[in-house]
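>>> turn this into a structure:
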Amino acid sequence: MTENCKHPVTNRNDDMKITVSKNGPYLVEGAVPLVQEEICNDDEGFCRKWKETTRYPVQEKYALCRCGRSENKPFCDGTHAKIHFNGTEAAGSEPYLRHPKIITGPELELTDHEGLCVHARFCMRAGGIWNLTKQSGNPVAKETAIEEAGNCPSGRLVVRDRESGRVIEPELEKSIVVIEYPARSGHGPLWVRGCIPVVSADGKPYTIRNRVTLCRCGKSGNKPFCDGSHVQH
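Numbering: from 1, shown residues only. The predicted model follows:
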């Protein structure tokens, strides 16, 4: 199944894929670019933009830590085997995608997949994206809501233009981003951008989405996806 991927993405490569290994790392193939980005606050302390801090050399294949204990993060160093990491996938049939909350405003409709929240906090500025959606008849509120939704790395928040029915998605480089949040001393999930397929350990493809976040602390209850547990520990 593919969702929200009918839009341009940069550096198309149909060989790109991420496979979740059983109780092990994410196996990445197809020369997927790997970068590190930081969440940056504005002068009022609200999350406002992304800043790229590191771009790793391109590799055809590599393995990314999933247990959170590697000494060579973001790459796997085999620690998962030493600690007997339980990486059992719990996302299953992805029920959180089937029954989202819908918030309707004059010009925008907001789809909120709450179970996918990774606490990136871009949605809280200017009264919050939920209020902004309800006020989307105002051009400034509408523009801010679209910006906040587009910055949500997990795709929890997706906006649609009510008149055209068009889903408004950001154009993203096909890549994996290691998320850091220095202002809160936080280490976030792996942000998979640009509709790169993610395949379970038993060979089942997950829904292909423009934005998804994969757990890299090992604590998520929704593996392989992040559920925000890195913030609570």
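>>> make sure T104 is actually in contact with T133.
Yes: T104 lies in contact with T133 (CB atoms under 8 Å); the separation is 7.5 Å. C-beta here means a position set from N, CA and C on the backbone, and glycine is covered the same way.
>>> mind listing the shared neighbours of the two?
L110 (CB atoms under 8 Å, 6 or more residues apart in numbering).
>>> neighbour count winner among those two?
Neighbour count, other CB atoms under 10 Å: between T104 and T133, T133 has more, with 27 against 13.
>>> and the helix or strand where the more buried one lies, what's buried?
According to DSSP states H and E, T133 maps onto helix 129-134. By 16 or more other CB atoms under 10 Å, the buried positions in helix 129-134 come out as 129-130, 132-134.
>>> elements contacting that helix?
strand 101-104, strand 108-112, helix 139-151 (3 or more CB pairs under 8 Å, 6 or more residues apart in numbering; DSSP states H and E).
>>> do that again at 10 Å, thanks
strand 101-104, strand 108-112, helix 139-151, strand 157-161 (3 or more CB pairs under 10 Å, 6 or more residues apart in numbering; DSSP states H and E).
>>> what about it, average pLDDT?
On average, the pLDDT along helix 129-134 is 98.
>>> and the contacts of it?
If you take CB atoms under 10 Å, 6 or more residues apart in numbering as the criterion, helix 129-134 is touched by 101-110, 112, 122-123, 125-128, 138, 140-149, 151-152, 157, 159.
>>> all the helices of this protein, residue numbers only.
79-82, 129-134, 139-151, 229-232 (DSSP state H).
>>> residues of the first one that come out buried?
Read that as helix 79-82. 79-80.
>>> give me the residues contacting that helix.
Outside helix 79-82, the residues touching it (CB under 10 Å, 6+ apart) are 21, 23-25, 65-72, 85-87, 218.
>>> same question for the last one.
Residues external to helix 229-232 that are found in contact with it (CB under 10 Å, 6+ apart): 68, 117-121, 179, 181, 184, 186-189, 215-223.
>>> mind listing what's buried along it?
Going by 16+ other CB under 10 Å, helix 229-232 has these buried residues: 229-231.
>>> make JSON lines from the helices of the chain and add distance to E163 to it.
Converted to JSON lines, the helices of the chain look like this (distance: least, CB to CB, whole Å):
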{"stretch": "helix 79-82", "distance to E163": "49"}
{"stretch": "helix 129-134", "distance to E163": "14"}
{"stretch": "helix 139-151", "distance to E163": "12"}
{"stretch": "helix 229-232", "distance to E163": "37"}
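>>> what's the closest of those to N210?
helix 139-151 (9.7 Å; CB to CB).
>>> how far off centre is stretch 121-138?
On the basis of CA atoms, centre = their mean, to the nearest Å, stretch 121-138 sits 20 Å off its chain's mean C-alpha point.
>>> need the CA coordinates for that stretch. CSV is fine.
The C-alpha trace of stretch 121-138 is given here as CSV (Å, rounded to 0.1, in the frame of the first residue of the first chain):
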residue,chain,number,x,y,z
ARG,A,121,7.0,19.5,18.6
PHE,A,122,6.8,21.5,15.3
CYS,A,123,3.0,21.5,15.7
MET,A,124,2.8,23.7,18.8
ARG,A,125,3.8,27.1,17.5
ALA,A,126,1.2,29.9,16.9
GLY,A,127,-1.5,28.2,19.0
GLY,A,128,-1.0,24.7,17.6
ILE,A,129,-1.8,23.1,14.2
TRP,A,130,-5.2,22.0,15.4
ASN,A,131,-6.4,25.5,16.1
LEU,A,132,-4.6,26.8,13.0
THR,A,133,-6.5,24.3,10.8
LYS,A,134,-9.8,25.5,12.3
GLN,A,135,-8.7,29.1,11.4
SER,A,136,-7.4,28.2,7.9
GLY,A,137,-9.7,30.8,6.3
ASN,A,138,-7.0,33.2,7.4
